[in-house]
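# Give me the fold of what follows.
(one chain, ligands or ions: 2)
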Amino acid sequence: MVLFLLIVGAVVVLLGVIAASVLVARRGTPPTRQPLPPVLHRRERPAAPPVVAPEAGTPPAEPVVQEPTAPVVQTPALDTPEKTSGRLARLRSRLSRSQGTLGRGLFALLSRDVLDEDTWEEVEDTLLTADMGVGATTELVQKLRTRVRVESLRTPEELRVILREELLSLIGADVDRSLRTLPKADGTPAVVLVVGVNGTGKTTTCGKLARVLVADGRTVLLGAADTFRAAAADQLQTWGERVGASIVRGPEGGDPASIAFEAVAQGTTAKVDTVLIDTAGRLHTKTGLMDELGKVKRVIERKGAVDECLLVLDATTGQNGVVQARVFTEVVDVTGIVLTKLDGSAKGGIVVSVQRELGIPVKLIGVGEGPDDLAPFEAEAFVDALLGDEAAL
Ligand SMILES: Nc1nc2c(ncn2[C@@H]2O[C@H](COP(=O)(O)OP(=O)(O)OP(=O)(O)O)[C@@H](O)[C@H]2O)c(=O)[nH]1
Ligand SMILES: [Mg+2]
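Ligands and ions are numbered 1, 2, ... in the order given. The predicted structure follows:
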């Protein structure tokens with residue numbers, strides 16, 4: 001019994017000591033906490049912090065680089081240029097927008113009750129304003145006057161018919177406007193040299209023509225013989241890359257003739273169908289630059305004949321185009337005209353004057369800045385566009 005009391009007493013004392021020590025612990029200094037390990041801190045953050053726009057003046061956050069799960073192989077996608085056959089309808093509507101005014105002006109004059117001297121003079125002025133040229137205008141007015149009188153034509157339909165016929169005969173419905181872009185008989189590539197004054201659209205035309213040829217199933221190599229600016233070769237290269245045509249280019253300020261020669265040489269080795277050579281813009285009045293162009297052509301001819309020498313004329317420059325064409329023809333024997341920017345000009349009469357004065361056919365026309373806005377010239381479609389729609393009568 002005494003032993004039992006002793007044990008109970010000891011337990012009570014022990015409990016009292018424990019209770020006292022807990023009390024002391026609660027009232028005393030708090031225990032130092034171990035900081036949470038950093039990982040724990042991070043885990044406690046929200047999984048996706050809100051995106052906050054950086055304050056003005058603070059440097060922008062580093063871009064987040066997302067690692068792709070699988071390597072991505074980038075192959076340049078090639079364009080599919082529009083077939084030439086499909087372009088004519090679009091060309092007509094482009095031309096009609098700006099050229100139809102000539103037709104409307106002429107019809108308004110010719111439909112007057114009395115066709116007196118003053119009216120015929122106004123007809124002449126209208127044609128001259130459209131850049132038809134003095135020779136062609138005089139001839140056209142003479143023919144119209146005679147036919148109106150002799151055939152007693154008065155209705156708008158009759159006038160439209162004779163106007164169309166006479167314009168077509170001036171432009172030449174039967175002129176050969178084909179482009180020689182097929183390889184020569186010995187299998188070497190056709191060589192097309194593109195020339196003209198500054199900014200007329202030479203490089204753009206080379207690029208667009210490459211697309212036309214590729215669309216027709218040909219292989220093309222481009223020669224960047226414009227070494228005035230490195231950007232010129234870059235511009236041509238971009239056009240080529242879009243349709244898979246390779247380019248021969250040289251250093252800025254390099255000799256354009258040797259680049260042209262090299263392009264023909266490489267085109268021959270690679271057995272391409274056509275080599276298109278872009279040249280630097282040059283003023284027809286600068287003898288030194290014109291001599292350089294003559295040299296480019298002569299050096300190419302050591303390797304193979306130039307099949308087409310296309311002079312690019314800006315339709316908005318008017319009669320000056322005829323002067324340019326004459327000088328270029330003396331130097332490089334131009335075989336065809338590319339008339340660009342006809343979409344932005346109401347002066348389609350330049351087609352008539354260039355052909356008439358120089359006997360060089362317009363072979364291609366540029367009707368916009370789009371990659372496929374180049375079309376083969378067709379006299380009938382062009383005259384219809386000049387005269388505007390029937391509805392405009
Ligand atoms: N609206 C319109 N713009 C055109 C046409 N053809 C070319 N252009 C524009 O004319 C400008 C000049 O074209 P480029 O091809 O660089 O002319 P370039 O003759 O090579 O110029 P240089 O090499 O500097 O002599 C560009 O902005 C073309 O997009 C066209 O048919 N219509
Ligand atoms: Mg150019």
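# Look up the closest residue to the residue in the stretch 151-300 of the chain that ligand 1 sits nearest to, ignoring the ones flanking it.
As assessed by Cβ to the nearest ligand atom, ligand 1 sits closest to G281 within the stretch 151-300 of the chain, at 2.2 Å. Placement of C-beta: from N, CA and C, glycine included. Spatial nearest neighbour of G281, excluding adjacent residues (Cβ to Cβ, 6 or more residues apart in numbering): N198 at 3.2 Å.
# what's the burial count for that neighbour?
Using other Cβ atoms under 10 Å, N198 has 11 neighbouring residues.
# Check the secondary structure at the nearest residue to Q237 once chain neighbours are set aside for me.
Of all residues not flanking Q237 in the chain, I247 sits nearest, at 4.9 Å (Cβ to Cβ, 6+ apart). Assigned by DSSP: H, G, I helix; E, B strand; the rest coil, the conformation of I247 is strand.
# isn't I247 right next to T238, touching?
No. Using Cβ atoms under 8 Å, I247 is not in contact with T238; the gap is 9.6 Å.
# The two: which is more packed in?
I247 (22 against 12).
# In contact with the more buried one, which residues?
221-224, 233, 236-237, 240 (Cβ atoms under 8 Å, 6 or more residues apart in numbering).
# Spell out which parts of the protein neighbour ligand 1.
196, 198-204, 226, 232, 280-281, 340-341, 343-344, 366-369, 373 (Cβ under 6 Å from any ligand atom).
# Would you pull up the residue in the stretch 201-350 of the chain closest to ligand 2?
Here the stretch 201-350 of the chain gets closest to ligand 2 at one residue, T203, 3.2 Å apart by Cβ to the ion.
# so that residue is in which element?
Secondary structure from DSSP states H and E places T203 in helix 202-215.
# cool, and T285?
Judged by DSSP H and E, T285 forms part of no helix or strand.
# now do L311
strand 308-314.
# Start and end of stretch 168-177, how far apart?
Length of stretch 168-177, first residue to last, Cα to Cα, to the nearest Å: 14 Å.
# Need the contact partners of that stretch.
In contact with stretch 168-177 (Cβ under 8 Å, 6+ apart) are residues 136, 139-140, 336, 351-352, 355-356, 361-363, 376-380, 382-383.
# run the last query once more with 6 Å
Applying Cβ atoms under 6 Å, 6 or more residues apart in numbering, the contact partners of stretch 168-177 are 136, 352, 361, 363, 377, 379, 383.
# can you tell me which two in these are farthest apart?
For those, the farthest-apart pair by Cβ to Cβ is A136 and K363; their separation is 19.1 Å.
# No more questions from me, cheers.
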